[in-house]
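Asks: structure of the sequence below:
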Amino acid sequence: MRHSRSFKKNNIDVEDDNEKERYFELSEDDLRELSLLNNALISIYLFVISDIIFYDSTINAIGNIVNKNDNQRIIAEVEAIESGYLELISKLILINVDISRYNHLYKKFINGKKEDLLKPEIDITIGDGFQILTYFFIVIGFVGTYKVNKIKNISIDDSKELSLLLSQLDGINIRFYADYLAYISILESMQLVYNKYQKDKNIRVNPDIPAIQSAICYFLSRLILANVAFTRYDELYKKYGKTQYRDLLQPNLSINVGNVFGIIGCIYILLGFIERYERNINGPVFGI
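Replies: Next up, the predicted model:
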């Protein structure tokens with residue numbers, strides 16, 4: 001994100017011009033942007049915690065298959081629910097950042113003129129909106145799965161389930177790397193703000209690059225997790241679709257719906273970051 005260059009200096013009587021440069025206070029716009037970036041950091045922290053819990057949930061699900069331990073299955077299902085709730089909260093925080101940033105940029109720089117310049121922000125906001133729907137349906141699915149398995153343990157062949165869970169671990173590992181890149185992008189965005197007040201104006205960072213890389217990794221991760229969910233549902237339908245337990249497959253259907261929204265959301269976010277990169281690399285629009 002590009003920012004306004006303006007800032008205020010303290011009213012201090014210093015003869016040396018170089019010394020004067022040390023005394024400043026951040027502009028209102030920069031303080032606002034740093035506040036939004038801090039909220040984005042909180043969102044990333046929550047998402048990392050949720051990924052750790054989801055990873056442990058998958059390990060416990062594998063342990064249930066290997067050890068035939070029902071307690072591990074229950075722990076895995078509860079952890080999956082906890083992970084889903086944290087992911088949902090994380091995305092709610094992030095979309096608030098998106099909307100606040102868009103509204104500020106629109107009022108300050110656009111105000112009805114050249115609204116297409118804010119298309120990247122619109123696409124990213126739409127993408128995060130789809131992400132909220134993603135985790136809303138996934139939480140419904142996880143909760144439903146927990147309740148269903150209290151009635152009857154709905155499962156597929158152990159070897160097939162184990163293969164799916166290993167693929168799920170691959171998806172989560174990619175998401176860890178995506179979290180790291182998103183974290184780097186936010187830190188570089190903060191550095192971009194502070195660089196405006198540094199003597200050395202040659203210090204350059206481009207947070208748009210790790211943001212794009214992160215979006216690609218999230219997209220790949222979502223494709224893997226969606227494939228796992230759809231494959232599991234197909235196997236369950238083959239086994240239970242024509243029995244009295246057919247209605248018990250509804251939670252898995254909710255998870256599939258969530259994954260469809262997730263793929264759409266990832267596409268919008270990736271497009272938004274690419275558009276932002278192209279806009280900013282061709283010439284600063286909103287400041288730096």
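Asks: burial count for residue 146?
Replies: Residue 146 has 17 neighbours, counted by other Cβ atoms under 10 Å. Glycine gets a C-beta too; all of them are placed from N, C-alpha and C.
Asks: and the host helix or strand of it, what does it pack against?
Replies: In the assignment (DSSP states H and E), residue 146 maps to helix 119-151. With contacts taken as 3 or more Cβ pairs under 8 Å, 6 or more residues apart in numbering; DSSP states H and E, helix 119-151 sits against helix 70-105, helix 250-282.
Asks: among the ones you listed, which comes closest to residue 140?
Replies: helix 250-282 (4.7 Å; Cβ to Cβ).
Asks: that closest one: how far from the chain's middle?
Replies: Relative to its chain's centre, helix 250-282 lies at 10 Å (Cα atoms, centre = their mean, to the nearest Å).
Asks: can you pull out the helices in the stretch 151-288 of the chain?
Replies: 158-195, 208-240, 250-282 (DSSP state H, counting those that start in this stretch).
Asks: adding mean pLDDT and distance to residue 101, write those out as TSV.
Replies: Below are the helices of the stretch 151-288 of the chain laid out as TSV (pLDDT from 0 to 100; distance: least, Cβ to Cβ, whole Å):
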stretch	mean pLDDT	distance to residue 101
helix 158-195	94	11
helix 208-240	96	13
helix 250-282	94	11
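Asks: turn those helices into CSV, columns for mean neighbour count.
Replies: CSV is the format used below for those (neighbours: other Cβ atoms under 10 Å):
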stretch, mean neighbour count
helix 158-195, 18
helix 208-240, 19
helix 250-282, 20
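Asks: between those helices, which one is nearest to residue 129?
Replies: Minimum separation from residue 129 across the helices of the stretch 151-288 of the chain (Cβ to Cβ) falls at helix 250-282, 7.3 Å.
Asks: tell me the angle that closest one makes with helix 119-151.
Replies: Using axes from the mean of the first three to the mean of the last three Cα atoms, to 10 degrees, the inter-axis angle of helix 250-282 relative to helix 119-151 is 160 degrees.
Asks: rewinding a little: right, and the helices and strands packed on helix 119-151 - which one's nearest residue 119?
Replies: With Cβ to Cβ as the criterion, residue 119 lies closest to helix 250-282 of the helices and strands packed on helix 119-151, at 5.9 Å.
Asks: between that closest one and helix 158-195, how big is the angle?
Replies: Between helix 250-282 and helix 158-195, the angle comes out at 30 degrees (the same axes, to 10 degrees).
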